[in-house]
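Visitor: turn this into a structure:
(one chain, ligands or ions: 2)
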Amino acid sequence: MRYTTAGESHGPQLTAVIEGIPAGLTIDPEKINADLKRRQQGYGRGNRMKIETDQVQITAGVRHQKSLGGPIVLQVTNRDHGHWGDIMSPTATETPENTVRQVTKPRPGHADLVGGEKYQHTDLRNVLERSSARETTMRVAVGSLCKQLLAEVGVQVLGFVQMLGGIAADPAQLPEIGDLTELTRITNASDVRTYDEDAAAKIRTLIDETKQKGDTLGGVVQVVATGLPVGLGSYVGADRKLDAKLARAIVSINAFKGVEFGDGFGLAQHPGSEDMDEIFYDNDKGFYRGSNHLGGFEGGMTNGMPVIVKGVMKPIPTLYKPLRSVDVNTKEPFVANVERSDTTAVPAASVVAEAMVAITLAQAILDKFDADALPRLQAQLKAYNEELAQY
Ligand SMILES: Cc1cc2nc3c(=O)[nH]c(=O)nc-3n(C[C@H](O)[C@H](O)[C@H](O)COP(=O)(O)O)c2cc1C
Ligand SMILES: C=C(O[C@@H]1CC(C(=O)O)=C[C@@H](OP(=O)(O)O)[C@H]1O)C(=O)O
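Guide: Numbers count the residues shown, from 1 in each chain. Ligands and ions are numbered 1, 2, ... in the order given. Model prediction:
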């Protein structure tokens, strides 16, 4: 399964084309809309989210809510496009009026300067429009569709905020991970609600204070996936390791600078005897691990434990507090002048991370098994799990 997205932040609309979804999958657009809404929420977002109400339109590959096996097209309208006149029109010709707002002042921490140099753009709007995290709308739409597929084979995926601006959102250890729907109830990724209401209140206060100072915040998000078959991915080649593919998927999210599995960087702080997950056997459960320090991966393969992936998001680069930069035309220094921006988008990013994990896990399952039609995929997975139970 592969997908691509298209669209500019303030262009008319965003599009995703997905190829390789099995025929016969029920696709509920309202479930996609619910995830799009989660991505739009979260304390600390800027005014753009008051303008947009992201709703998916499915325009190809689906009939009567069932996938047909061909490419699926998803579209979301940018309501803000209406405020941009011809400036973001794909068809209007260039005039003094629609080029007057040329962007020549690159923002530190953004793609603006390097993108201009690389693509020979003198108007940096041509860079920022596509490098904007507005694009993650379509990743969430694709991920939401993938979650509908994963649910049909017993896999659940959930992303949430683990830390924001240095304050832990889940100070307690994750409870025994069973049904992720239960986890959704207590950890609402769309806001900074956490296991611990005190922590959530502290985070909201910190976001308010940071906004007042014209500054921004980053954080850590966590994604948990349960119900995965043993043996997705492979140790036999670098390009087949599934943990490596997940790392790439997470770091591909705008502003993400690091990724870890299970105890991640914390593993370096203990001797091996405290970090390995010992192996046990039970007649009913088969092989199982007594702990999950390694986040569900051994040798680049799923080992049957929940997959636990974390990603770190840098603070939002556009600050109301000015940062120094240099105008690409005049080569004169300036201090940035901001119109609007998020103070933090870590809650939204946790929904994006969930989508990226769902997409990558769906790809791994569809690569491994015959995926032309959903019932055959389900039958193959069942046979595979039954075979492994005899090992
Ligand atoms: C959901 C989400 C919302 C974001 N909102 C903003 C924003 O309002 N302002 C901003 O400057 N950056 C925002 N970013 C971050 C930038 O898109 C990102 O830092 C920039 O494209 C440069 O890419 P890089 O940080 O991956 O190098 C957001 C990122 C995400 C994931
Ligand atoms: C539009 C979204 O996020 C945007 C991501 C973003 C950036 O630079 O990445 C900058 C802001 O855009 P604008 O300049 O239009 O306010 C955010 O609002 C979204 O998440 O849907």
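
Visitor: in the helix or strand harbouring residue 33, what's buried?
Guide: Here residue 33, judged by DSSP states H and E, is contained in helix 29-40. Buried residues in helix 29-40, defined by neighbour count with 16 or more other CB atoms under 10 Å: 29, 31, 32, 33, 35, 36, 38, 39, 40. Glycine gets a C-beta too; all of them are placed from N, C-alpha and C.

Visitor: same check, this time on stretch 311-324
Guide: Quick answer for stretch 311-324 (16+ other CB under 10 Å): 311, 312, 313, 315, 316, 317, 318, 319, 320.

Visitor: tell me if that stretch is near ligand 1.
Guide: Yes. Using CB under 6 Å from any ligand atom, a contact is recorded between stretch 311-324 and ligand 1, made by 314, 316, 317, 318.

Visitor: follow-up on the earlier one: can you tell me which of the buried residues of stretch 311-324 is closest to ligand 2?
Guide: Minimum distance to ligand 2 across the buried residues of stretch 311-324 is 6.4 Å, recorded for residue 318 (CB to the nearest ligand atom).

Visitor: please name the nearest non-neighbouring residue to the closest one.
Guide: residue 341 (4.0 Å; CB to CB, 6 or more residues apart in numbering).

Visitor: interface residues of the stretch 51-200 of the chain facing ligand 1?
Guide: 109, 110, 111, 131, 132, 133, 136.

Visitor: the last one contacts residue 353, correct?
Guide: When you say that, I think you mean residue 136. No. Counting by CB atoms under 8 Å, residue 136 does not reach residue 353; the two are 9.7 Å apart.

Visitor: of those two, which one has the most company?
Guide: residue 353 (31 against 24; other CB atoms under 10 Å).

Visitor: between helix 29-40 and the longest helix belonging to the chain, find me the angle.
Guide: Secondary structure assigned by DSSP state H gives helix 346-368 as the longest helix of the chain. Between helix 346-368 and helix 29-40, the angle comes out at 140 degrees (axes from the mean of the first three to the mean of the last three CA atoms, to 10 degrees).

Visitor: next helix or strand past the one helix or strand in the chain whose mean pLDDT sits lowest?
Guide: Least confident element among the helices and strands of the chain, by mean pLDDT, DSSP states H and E: helix 180-186 (a mean of 58). Counting by DSSP H and E, the next helix or strand C-terminal to helix 180-186 is helix 197-212.

Visitor: and the following helix or strand past that next one, what other elements does it pack with?
Guide: Under the assignment DSSP H and E, the closest C-terminal helix or strand after helix 197-212 is strand 219-226. On a contact count with 3 or more CB pairs under 8 Å, 6 or more residues apart in numbering; DSSP states H and E, strand 219-226 meets strand 156-164, helix 180-186, strand 307-313, helix 346-368.

Visitor: for residue 55, which of these is the nearest?
Guide: Each of the helices and strands packed on strand 219-226 has some distance to residue 55 by CB to CB; the shortest is helix 346-368, at 15.8 Å.

Visitor: now do the helix or strand just after that closest one, average pLDDT.
Guide: Proceeding N to C from helix 346-368, the next assigned helix or strand is helix 374-389, under DSSP H and E. Confidence over helix 374-389 (mean pLDDT, whole number) is 97.

Visitor: report the angle between helix 374-389 and helix 346-368.
Guide: 80 degrees.

Visitor: in helix 374-389, what counts as buried?
Guide: 374, 377, 378, 380, 381.

Visitor: and it, how far from the chain's centre?
Guide: 28 Å (CA atoms, centre = their mean, to the nearest Å).

Visitor: tell me which other helices or strands that helix touches.
Guide: Looks like helix 374-389 contacts helix 136-152, helix 346-368 (3+ CB pairs under 8 Å, 6+ apart).

Visitor: quick one: residues in contact with that helix.
Guide: With contact meaning CB atoms under 8 Å, 6 or more residues apart in numbering, helix 374-389 is reached by 22-25, 67, 149, 152-153, 229-231, 286, 365-366, 369-371.

Visitor: next, the angle from that helix to helix 136-152.
Guide: 60 degrees.

Visitor: may I have helix 374-389 exported as PDB, CA atoms only?
Guide: In PDB, the C-alpha atoms belonging to helix 374-389 read as follows (Å, rounded to 0.1, in the frame of the first residue of the first chain):
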ATOM      1  CA  LEU A 374     -10.300  -8.200   3.000                       C
ATOM      2  CA  PRO A 375     -11.800 -11.700   3.700                       C
ATOM      3  CA  ARG A 376      -8.700 -13.400   2.200                       C
ATOM      4  CA  LEU A 377      -6.400 -11.100   4.200                       C
ATOM      5  CA  GLN A 378      -8.300 -12.000   7.400                       C
ATOM      6  CA  ALA A 379      -8.200 -15.800   6.600                       C
ATOM      7  CA  GLN A 380      -4.400 -15.600   5.900                       C
ATOM      8  CA  LEU A 381      -3.700 -13.800   9.200                       C
ATOM      9  CA  LYS A 382      -5.800 -16.300  11.100                       C
ATOM     10  CA  ALA A 383      -4.000 -19.200   9.500                       C
ATOM     11  CA  TYR A 384      -0.600 -17.600  10.200                       C
ATOM     12  CA  ASN A 385      -1.500 -17.000  13.900                       C
ATOM     13  CA  GLU A 386      -2.700 -20.600  14.200                       C
ATOM     14  CA  GLU A 387       0.500 -21.900  12.700                       C
ATOM     15  CA  LEU A 388       2.600 -19.800  15.100                       C
ATOM     16  CA  ALA A 389       0.600 -21.100  18.100                       C
END
